[in-house]
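>>> Build me a model:
(2 chains)
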2 protein chains.
Amino acid sequence: MIPSRQHVDLANALADASGAILRRHFRTALEVDDKADASPVTTADREVEAELRRMIEARAPGHGIIGEEFGSDRAGAELVWVIDPIDGTKAFITGRPTFGTLLALLHEGLPVLGVIDQPIVGDRWLGAAGQPTLHNGRPARVRTCPRLEGARLSTTGSQYFTEDELRRFERVVKRVKFTTYGGDCYQYGLVAIGGIDVVIESGLKIHDHAALAPVVIGAGGVMTDWQGRALDVSSAGDAVASGDARVHEEVLAILAQEPQV
Amino acid sequence: MIPSRQHVDLANALADASGAILRRHFRTALEVDDKADASPVTTADREVEAELRRMIEARAPGHGIIGEEFGSDRAGAELVWVIDPIDGTKAFITGRPTFGTLLALLHEGLPVLGVIDQPIVGDRWLGAAGQPTLHNGRPARVRTCPRLEGARLSTTGSQYFTEDELRRFERVVKRVKFTTYGGDCYQYGLVAIGGIDVVIESGLKIHDHAALAPVVIGAGGVMTDWQGRALDVSSAGDAVASGDARVHEEVLAILAQEPQV
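Have a look, this model is predicted:
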């Protein structure tokens, strides 16, 4: 399914609303304990999701909603919006402007539209099936990278892998040009503009990954699980995004080898 | 020695000039191989340092200069400027707005003024002996964090540690609330505004660390090598920066324990 102009407009309006709220909360009360129930990150998270759910109910009343904070409404609908108000809460908490709001539209469980919005730097990626991904309104394009030895690899942090996954990941680290850490959803936006060649992660939930594949794929890249399958609502949460399909194949092959313990 | 108003004005002028150049080069030609001699990062690095050296020669002709790209002039002078045009070149190359220009003024080898400038987000930290650190012109203050169990730890990437250092670092990781990765100099700016409690790194050169201690210390924090000594031109490059002196002591004690192999 190709998202309509109305879907794209709603996605942009949702991202605008989220950014306005997050800019108000960012770096306020850094002193406060972040696990307290009324911490700034929790407050901002809930305020964004509540507002976005109101907007969806008003403008697209038949659509379903899956939100990180307030759960699911009509999750079985043909069209379902997926909301992650703050992807990268640790970045938000520590004052790093690399967190993002993630928005996706699922059609029968498959993401057909995705937005990654970083409201402090002012970076918005919008990917929609059938059209080129836009970065701040201009077409985005991945980088050519024919071989893994030339690739820039990234992941948020190695602590998110299981021990077995980490051994597989480290084999890729040994082969690439260099590895950078940190960035959550922002890394996938950087794949779409040719800054990063490969992102490898695991443990992603539907609200973490649904927005990412449309952005990466619409910029000419590839995004699958570690077995090479498209990501959907039933995915386990392991993911590889690559700018160049040749490097993607190399990475999947290395991840699939049994680690020597 | 307390830096004069003229020193502070020159530091700000240098950061302004660097930011103007870096904003022009950021995210241009991401496609290009970053190791080529005329790569965008190399071009930007050299253009900034050449311009800053010209400005220092014109406005403070007796001062020495140590630059990452073009080496030392009058490094034995009483007052020496230290320039790192782009700290975090991998961040710059991949399009992450967390790199920074680092500027320091050494008095007899000891940093008395430091600037961390992130020109894309628009974050400038200026620390000068005898005055509070300023973040975008307003006094910056570290976070209270009495115990390591509540601390937010950060480092650029574990690949920068030796194996022995990594074992020591991992013992700290096990004790803190959470660990985030990435950020280079930007992490130390976040310590100064209370976003991060502890940064642990090693392998820093004089142009990497000279600007950092004045920023952290002027915001109420502590920054030393792993043995608790002040950082100066002769330091080996291992560093710990903490917002709260109590946590700093805990971290130094853990790093000092012999790892059990």
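
>>> okay, CA-based contacts and neighbour counts for the rest of this
OK.

>>> show me where the stretch 151-261 of chain A has helices.
Under the criterion DSSP state H, counting those that start in this stretch, the stretch 151-261 of chain A carries helices at the ranges A:163-175, A:186-192, A:206-209, A:212-218, A:245-256.

>>> right, so of the ones you listed, which gets closest to chain B?
For chain B, the closest of the helices of the stretch 151-261 of chain A is helix A:186-192, at 6.5 Å, according to CA to the nearest CA.

>>> Give the other helices and strands that that closest one contacts.
Secondary-structure packing of helix A:186-192 (3 or more CA pairs under 8 Å, 6 or more residues apart in numbering or on different chains; DSSP states H and E): strand A:110-118, strand A:198-201, helix A:212-218, strand A:239-242.

>>> Next, count neighbours for residue A:162.
As a burial measure, residue A:162 scores 12 neighbours (other CA atoms under 10 Å in any protein chain shown).

>>> Please apply the same query to residue A:13.
By other CA under 10 Å, the burial measure for residue A:13, its neighbour count, is 14.

>>> Which helix or which strand is home to it?
Element membership of residue A:13, judged by DSSP states H and E, is helix A:5-25.

>>> what's the spacing between that helix and its chain's center?
Centroid displacement of helix A:5-25 relative to its chain, using CA atoms, centre = their mean, to the nearest Å, is 16 Å.

>>> Using the three-state scheme, assign residue A:101.
Secondary structure assignment for residue A:101 (DSSP: H, G, I helix; E, B strand; the rest coil): strand.

>>> of the helices of the stretch 151-261 of chain A, which approaches residue A:121 most closely?
Smallest distance to residue A:121 across the helices of the stretch 151-261 of chain A (CA to CA): 10.9 Å, for helix A:186-192.

>>> chain center to the closest one, what's the gap?
Distance of helix A:186-192 from the chain centroid (CA atoms, centre = their mean) equals 8 Å.

>>> in stretch A:197-204, what counts as buried?
For stretch A:197-204, burial by neighbour count (16 or more other CA atoms under 10 Å in any protein chain shown) applies to A:197-202.

>>> restrict these to contacts with chain B.
Among the buried residues of stretch A:197-204, proximity to chain B is found for none (CA under 8 Å from any CA of the partner chain).

>>> what would these look like in TSV with pLDDT?
Formatted as TSV, the buried residues of stretch A:197-204 follow (pLDDT from 0 to 100):
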residue	pLDDT
A:197	98
A:198	98
A:199	98
A:200	98
A:201	97
A:202	96
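
>>> ok, of these, which one's closest to chain B?
Within these, proximity to chain B (CA to the nearest CA) peaks at residue A:197, which comes in at 9.0 Å.

>>> I'd like the distance between that closest one and residue A:168.
With the distance defined as CA to CA, to the nearest Å, residue A:197 ends up 18 Å from residue A:168.

>>> same question, residue A:188
Using CA to CA, residue A:188 is found at 20 Å from residue A:168.

>>> Among the two, which residue is more densely surrounded?
Shown here are residue A:188 and residue A:168; by other CA under 10 Å, residue A:188 has more neighbours (31 against 20).

>>> contacting residues around the more buried one?
Under the criterion of CA atoms under 8 Å, 6 or more residues apart in numbering or on different chains, the neighbours of residue A:188 are A:199, A:212, A:215-216, A:241.

>>> Residue A:234 now?
By CA under 8 Å, 6+ apart, the contact list for residue A:234 is empty.

>>> go on, residue A:69?
Each residue near residue A:69 by CA under 8 Å, 6+ apart is listed here: A:45-46, A:49.

>>> is residue A:84 in a bridge, and if so with what?
Listed by DSSP bridges, the beta-bridge partners for residue A:84 are residue A:102.

>>> what's the neighbour count on it?
With neighbours defined by other CA under 10 Å, the count for residue A:84 comes to 25.

>>> Quick check: pLDDT value at it.
The per-residue pLDDT reported for residue A:84 equals 97.

>>> so it sits right up against residue A:103, yeah?
Yes: in this structure, residue A:84 is within contact of residue A:103 by CA atoms under 8 Å, at 6.5 Å.

>>> Need the residues touching each of these two.
Jointly contacting residue A:84 and residue A:103 under the rule CA under 8 Å, 6+ apart are residue A:207.

>>> just the contacts of residue A:69 now: which is nearest chain B?
For the contacts of residue A:69, the minimum distance to chain B (CA to the nearest CA) is 17.8 Å, reached by residue A:45.

>>> Enumerate every residue touching the closest one.
For residue A:45, the contacting residues are A:69, A:85-86, by CA under 8 Å, 6+ apart.

>>> Assign a three-state SS to it, would you?
Reduced to three states with three-state DSSP, the structure at residue A:45 is helix.

>>> just to revisit the earlier point, of all the contacts of residue A:188, which two lie farthest apart?
For the contacts of residue A:188, with distances taken as CA to CA, the pair at the greatest spread is A:199 and A:215 (13.4 Å).

>>> quick revisit: any chance of the buried residues of stretch A:197-204 in TSV with distance to residue B:113 as columns?
Supplementary listing: the buried residues of stretch A:197-204 in TSV, determined by distance: CA to CA, whole Å:
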residue	distance to residue B:113
A:197	38
A:198	39
A:199	38
A:200	40
A:201	40
A:202	43
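
>>> Closest one of these to residue A:183?
Out of the buried residues of stretch A:197-204, the member with the shortest distance to residue A:183 (by CA to CA) is residue A:199, at 10.3 Å.

>>> before we move on, back to that, which of the helices of the stretch 151-261 of chain A sits closest to residue A:57?
helix A:206-209 (18.6 Å).

>>> Neighbours of residue A:218, how many?
The number of residues near residue A:218, taken as other CA under 10 Å, comes to 25.

>>> excluding its backbone neighbours, what's nearest the closest residue to chain B within the stretch 101-250 of chain A?
Ranked by CA to the nearest CA, the top residue of the stretch 101-250 of chain A for proximity to chain B is residue A:195, at 3.9 Å. In space, residue A:195 comes closest to residue B:94 once its chain neighbours are excluded; the distance is 3.9 Å by CA to CA, 6 or more residues apart in numbering or on different chains.

>>> neighbours around that neighbour, how many?
In terms of burial, residue B:94 registers 25 neighbours under the definition other CA under 10 Å.

>>> tell me which parts of the stretch 1-150 of chain A are close to chain B?
Within the stretch 1-150 of chain A, the positions lying close to chain B (CA under 8 Å from any CA) are A:27, A:30-31, A:90-91, A:93-97, A:120-121, A:143-144.
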